[in-house]
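[1] From the sequence below, what's the structure:
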Amino acid sequence: MDTQPGRKTPAPETAALRRRFLMTVMVAALVWGGLMTIPAQMGWVPLGPAQTTNNSLFLVLNCVLIVILWRRPGSFLPVALIYFPAGFLYIAAAQFNVHEDPLRMLLFYPAVGAIFLILGGLAAWIAILAALAVFAAAVTSGDIQVTPLAASTFVITLCVTGLFFHAFRAQAINALNTISAQNAALDAAARQDHLTHLLNLRAFRETMQGHVAHGHNHHAFCVAFVDVDHFKAINDRHGHAGGDAVLVAVARTLTGAVRVQDVVARIGGEEFAILLPNTPLPEALAIAERLRAAVEAMRVEIAAETLAVTVSVGLETSRAPLATVDDMLQAADAAMYRAKEDGRNRVVVASRAAPALL
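    Have a look, this model is predicted:
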């Protein structure tokens, strides 16, 4: 719960871990309290009537909060803010009510540790100070009988335990944040083409799937397949370094010619794909023609040679029948190959999408 300025925001994995640990703590307390209830009711464990009632009330609260946290994981913080003060009061009451247990002050240790890991250092140090105040009051009132040496041992070890948990929590959060950042970097790398830094096929398909699942029922969108003409000849003449320079130049030109909302990806080899959201086919056709012309106008310097490049473009719309991701990609790919067959350096609309131009 630490929110002081300058503190790093915990990674989502940290919040999930804290939520699971809180559930573990509550289940463990429920089991422990349940095991104490029957012997206490039978008089085998001398808790006394007041603490027996406290135990029953705490069990009921445990059950309610476990159900709430199970059904509504987002309620983690309110549940924790109810559970730990109630648990602390339960332990504090035991210091005055259960005289037969000379070690009952040790109940503060797991409570403080759990607060450190779930609510953070500020809440835990407040709990430690409160525990020491309760212990001092119980000793002063005679409810706890300990020697000065034993009292000092309790105070010192509780504070040292707090320091250990404080350091452990800080290191654990740093480790989880580092892992989260590394996972995010790996995920970004797995979604990006290393040469052009555009999205790759996996990421492009995921983006398209989002539009198919949520957007195309209300707004048409189109996808364009762009293939560099005579790319094998470019590679054969200028080598792979020259081919890479052409691909980077084409990627830069396409990215510079599309709209802000459009998505450009390199989906393999010399092939690119462009998602045109909220775009009817006539408008998409004009955009595709603009992209083709932009590539035709660019020049690539390879060694001492200036190279002109063209592309063939296939276009498909989500308004076509059965417009799934695979259907759209295959149709746009087929249209691009027809552009190749028709002479290259042109835009061809998928045959099933053509009626949308009428």
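[2] Report the contact partners of the closest residue to G48 other than its chain neighbours.
    Residue nearest to G48 in three dimensions, not counting chain neighbours: N97, with 5.2 Å by CB to CB, 6 or more residues apart in numbering. All C-beta atoms are positioned from the backbone trio N, CA, C, and that covers glycine. With contacts defined as CB atoms under 8 Å, 6 or more residues apart in numbering, N97 is in contact with L47, G48, A50, Q51, N54.
[3] Give me the buried subset of those.
    Neighbour-count burial (16 or more other CB atoms under 10 Å) applied to the contacts of N97 gives L47, G48, Q51, N54.
[4] Quickly check those for the two that are furthest apart.
    With CB to CB as the measure, no two of the buried ones among the contacts of N97 lie farther apart than G48 and N54, at 9.5 Å.
[5] Starting from the helix or strand harbouring T157, tell me the next helix or strand along the chain.
    Taking DSSP states H and E as the definition, T157 sits inside helix 148-190. In the C-terminal direction, the helix or strand that comes right after helix 148-190 (DSSP H and E) is helix 201-214.
[6] Could you list the residues in contact with that following helix?
    Contacts of helix 201-214 with the rest of the structure, by CB under 8 Å, 6+ apart, involve 190-192, 199, 221, 223, 263, 265, 267-268, 273, 275, 277, 318, 323-325, 328-329.
[7] Any chance of a PyMOL selection covering the buried ones in these?
    In PyMOL syntax, the buried subset of the contacts of helix 201-214 is picked out as below (16+ other CB under 10 Å):
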select buried, resi 191+192+199+221+223+263+265+267+273+275+277+318+323+325+328+329
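[8] So which of the contacts of helix 201-214 are in helices?
    Secondary structure assignment (DSSP state H) places A190, V325, M328, L329 from these within helices.
[9] Those residues: which two are farthest apart?
    Spanning the widest gap among the ones in helices among the contacts of helix 201-214 are A190 and M328, at 22.9 Å by CB to CB.
[10] Return the distance of the one helix or strand P85 maps to from the chain's centre.
    Using DSSP H and E, P85 sits in helix 76-97. When distances are taken as CA atoms, centre = their mean, to the nearest Å, helix 76-97 is centred 31 Å away from the chain's centroid.
[11] What residues of that helix count as buried?
    When neighbours are counted by 16+ other CB under 10 Å, the buried residues of helix 76-97 are found to be 76, 79-80, 83-84, 86-88, 90-97.
[12] At which residues are the strands of the stretch 201-350 of the chain located?
    Taking DSSP state E, counting those that start in this stretch to define them, one finds strands in the stretch 201-350 of the chain at 222-228, 263-268, 271-276, 299-302, 305-308, 311-317, 347-349.
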